[in-house]
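S.K.: Return atomic coordinates for the entry below.
(3 chains)
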Amino acid sequence: MPELPDVENFRRFFDRTVLGRKIKDVNVSQTRLLKGLSPNQLKKTLGGKKFIRTERIGKYLLASLGKDEWLAFHFGMTGSFSFESKVDGQKNDYERVGFYFQDGSHLGYLNKRMLGQIFLAGPPDEFRSKKELGPDALELDYSLFRELLGRKSGSIKSMLMDQRVISGIGNVYSDEILFQSGLHPNHRVEDLDEKQKRKLYAKMRSVLEIAIKKQADPGSLPENWLLRHRKKNQGCPGCAGKVHKISVGGRSGYYCEKCQK
DNA sequence: TCATTTGTTTCATG
DNA sequence: ACATGAAACAAATG
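M.R.: Below is the predicted model of the structure:
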């Protein structure tokens, strides 16, 4: 499920595969994913241009076409990219939008469940304010983090997942961050003391950074992470307790009743 | 058939 | 008015 670490890896993948290649054609097989413009408008806008550089804001990937034109990608829960240096044979069944380059290479935007979005956007700063996104989870420093927490109330898990407060964290990684911080998902933000806030911030950083390094591949993540045991009644990797499941903000959260208070 | 999965949006409640 | 919480929505799976 593409959260910050996944999207950061998509960004790096995009950088090393398609940057600088001239776009020849765009094939949209699922108009639904295109927001605010038609397939023809997209083709017209991109044709003959190149993606110059990328930026990531939270779970969004922005690719610059030069000037103030950017193409924005959101991956929903099943989105990803594929790339082939030359088009041969059949394409992936779940390719919803295909970008074809002059040199014969091809980038596929895949999305099994079609909950993603592709649309044109302005520069990153404008984009951020339009979408009302909070600072990226890896961009903010501790003093800002503390300030943001100070303005909030309610369950800590909901707050971590609120993209208007901090952008980039979703259901899975919020569980992991809370597990490593020893905090119960329903722990109230207003009840956190200074020490807990510091730990939470440190764990937020380290969990996301390590996950990025491991290509956000669950199988490559440390065995002692909750993520590897994120299932009801599994044994907790930190103690003899069991993993519990609860609903927080409409999402299924997993936690260890013993380790997390 | 329907509960479950996700992030985001929308509506209701406090 | 505001913020928090709950429900709805998209699509597909088992």
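
S.K.: Name all residues that make contact with residue A:121.
M.R.: When the contact criterion is Cβ atoms under 8 Å, 6 or more residues apart in numbering, the partners of residue A:121 are A:62, A:70, A:71, A:72, A:127, A:130. The C-beta positions use only the backbone N, C-alpha and C, and glycine is treated the same way.

S.K.: can you check residue A:199 too?
M.R.: Per Cβ under 8 Å, 6+ apart, neighbours of residue A:199: A:181, A:182.

S.K.: mind running it again at 10 Å?
M.R.: For residue A:199, the set of contacting residues under the criterion of Cβ atoms under 10 Å, 6 or more residues apart in numbering consists of A:180, A:181, A:182, A:183, A:192.

S.K.: ok, now residue A:111?
M.R.: With the criterion set at Cβ under 10 Å, 6+ apart, residue A:111 makes contact with A:2, A:30, A:32-33, A:73-80, A:94-97, A:117-118.

S.K.: quick one: low-confidence ranges for the stretch 1-150 of chain A?
M.R.: Counting by pLDDT under 70, the stretch 1-150 of chain A has low-confidence residues at A:89.

S.K.: Name the residues of it found near DNA strand C, please.
M.R.: Residues of the stretch 1-150 of chain A lying close to DNA strand C (Cβ under 7 Å from any atom of the strand) are A:32, A:112, A:113, A:114, A:115.

S.K.: So the second one sits against residue A:77, correct?
M.R.: Yes - with contact defined as Cβ atoms under 10 Å, residue A:112 counts as touching residue A:77 (8.8 Å).

S.K.: Point me to the residue of the stretch 1-150 of chain A nearest DNA strand C.
M.R.: Closest contact between the stretch 1-150 of chain A and DNA strand C, by Cβ to the nearest atom of the strand, is at residue A:114 (4.0 Å).

S.K.: Now the one residue in chain A that gets nearest to DNA strand C: closest residue in space that isn't a chain neighbour?
M.R.: Proximity to DNA strand C, evaluated over chain A using Cβ to the nearest atom of the strand, is greatest for residue A:154 at 2.8 Å. Distance criterion Cβ to Cβ, 6 or more residues apart in numbering; nearest residue to residue A:154, sequence neighbours excluded, is residue A:189 at 6.1 Å.

S.K.: doesn't residue A:145 make contact with that neighbour?
M.R.: No - here residue A:189 does not reach residue A:145: they are 11.7 Å apart, not a contact under Cβ under 10 Å.

S.K.: Which neighbours do the two have in common?
M.R.: Counting by Cβ under 10 Å, 6+ apart, the contacts common to residue A:189 and residue A:145 are A:165, A:197, A:200.

S.K.: which one of these has the most neighbours?
M.R.: Counting by other Cβ atoms under 10 Å, residue A:200 has the largest number of neighbours within the shared contacts of residue A:189 and residue A:145, with 24 neighbours.
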